[in-house]
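Undergrad: fold the following and give me the result.
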Amino acid sequence: MPASEILLPVRDYDLAATLDSGQVFRWQKNENSWHGVVGNKFVQLTQVEHGIHAASSAPVGDWNFLRQFLQTETDLSAVLKTFPDDEPMRAAVAACPGLRLLRQDSWECLASFILSSTKQIVQIRQITALLCERFGNPLIPSFSTSDGEKVAEGRMRGDLFYSFPSAERLAACTEADLRACKMGFRAPNLLAAARQIAEGKFDLEKIRTLNYAEARAELMKLRGVGGKIADCVLLFAYGFDSAFPVDVWIERALQRLYFPRRRASAPRLRRFAATHFGPHAGYAQQYLFHYMRTKLK
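TA: Residues are numbered from 1 along each chain as shown. Predicted structure coming up:
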């Protein structure tokens, strides 16, 4: 029978670090739990002694969607063994034990990182919240407020209770509609991507059939998608663990941790990252990013 809750057994998993490490932008902590949306399902996640307790707003017949999203089957110890044995990497892993990479929906991930350009995480969350509330679908049944008014629970709580709007839904918008979500110059970029996908001119599923270099080049054909955004999408949505997104935080981390006595150019840092961190370089990048953002500010 479908169940509305489940225990996902997993070891060495830091749920808080994973959901708050800049991979996703629609999760919010509420006391000891995290609330968010995976696909079209509202989910509450709680770290417990032997794993992660998950509860949904409606009965779920197959929880594999959540296992896939959380990547609970990944052998983290095997991944960590591939990291370079140097002091900065050891410090980053020690500071963020149990940090995982998620596996996101490709469209939501692409759209979110198009919106991330030159924005801080708190601002990206605000933009995606407005986008989902205005153009997504509410996922929680209505309820009565204290004064008896019947309202949609999602309407009371914001984007966490809305699905992410499809490419087709956004393709039908105007640029002004999207700019009203406070995304500024990113609006035409998002609109162009949505329309190319909705019209069948760009195939997100095709990316899965390509090698890393080909997939990166394909994504960069989209307006507003440079190398960093393409690498984020390849890493967080498609599982290309060799992708190593380089943004301001990572440039600072590499400069401070690996080139403390001499200034390295951005191309030099990228060449170093491409060869130093091994087959799971993207995993290493996430540890360095979270370490730099939370411990070394």
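
Undergrad: contact partners for Leu190?
TA: Leu190 is in contact with Ala111, Ile114, Leu115, Leu170, Leu178, Met183, Gly224, counting by Cβ atoms under 8 Å, 6 or more residues apart in numbering. Any C-beta I mention is one placed from the backbone N, CA and C, and that applies to glycine too.

Undergrad: now the first one. Nearest residue, chain neighbours left out?
TA: Distance criterion Cβ to Cβ, 6 or more residues apart in numbering; nearest residue to Ala111, sequence neighbours excluded, is Leu190 at 6.0 Å.

Undergrad: mind checking which of the contacts of Leu190 land in helices?
TA: Residues of those located in helices (DSSP state H): Ala111, Ile114, Leu115, Leu170, Leu178.

Undergrad: and the helices in the stretch 1-150 of the chain?
TA: Assigned by DSSP state H, counting those that start in this stretch, the helices in the stretch 1-150 of the chain fall at 15-19, 64-70, 76-80, 87-95, 106-115, 121-135.

Undergrad: which of the ones you listed sits closest to Ala274?
TA: Nearest to Ala274, of all these, is helix 87-95, at 15.7 Å by Cβ to Cβ.

Undergrad: list the buried residues in the closest one.
TA: Neighbour counts over helix 87-95 (16 or more other Cβ atoms under 10 Å) mark Pro88, Met89, Ala91, Ala92, Val93, Ala95 as buried.

Undergrad: please apply the same query to stretch 62-71.
TA: Buried residues in stretch 62-71, counting neighbours by 16+ other Cβ under 10 Å, are found at Trp63, Leu66, Arg67, Phe69, Leu70, Gln71.

Undergrad: as CSV, those with distance to Leu269 and pLDDT would be great.
TA: Output for the buried residues of stretch 62-71, formatted as CSV (distance: Cβ to Cβ, whole Å; pLDDT from 0 to 100):
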residue, distance to Leu269, pLDDT
Trp63, 40, 95
Leu66, 36, 97
Arg67, 35, 97
Phe69, 31, 98
Leu70, 31, 98
Gln71, 27, 97
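
Undergrad: out of the residues you listed, who's nearest Tyr287?
TA: Closest to Tyr287, out of all of the buried residues of stretch 62-71 and judged by Cβ to Cβ, is Gln71, at 14.8 Å.

Undergrad: still on that earlier bit, closest to Asn211 out of the helices of the stretch 1-150 of the chain?
TA: Ranking these by proximity to Asn211 (Cβ to Cβ) places helix 106-115 first, at 16.8 Å.

Undergrad: and that closest one, what does it pack onto?
TA: Helix 106-115 is packed against helix 121-135, helix 167-171, helix 186-198, helix 227-236, with contacts defined by 3 or more Cβ pairs under 8 Å, 6 or more residues apart in numbering; DSSP states H and E.

Undergrad: quick check: angle from that helix to helix 186-198?
TA: Inter-element angle recorded for helix 106-115 and helix 186-198: 160 degrees (by axes from the mean of the first three to the mean of the last three Cα atoms, to 10 degrees).

Undergrad: quick one: contacts of helix 106-115?
TA: Applying Cβ under 8 Å, 6+ apart, the external contacts of helix 106-115 come out as 24-25, 124, 127-128, 131, 164, 166-167, 170, 183, 186, 189-190, 193-194, 197, 204-205, 207, 219, 222, 224-225, 229, 232-233, 236-238.

Undergrad: for Val122, see how far away Thr72 is.
TA: 28 Å (Cβ to Cβ, to the nearest Å).
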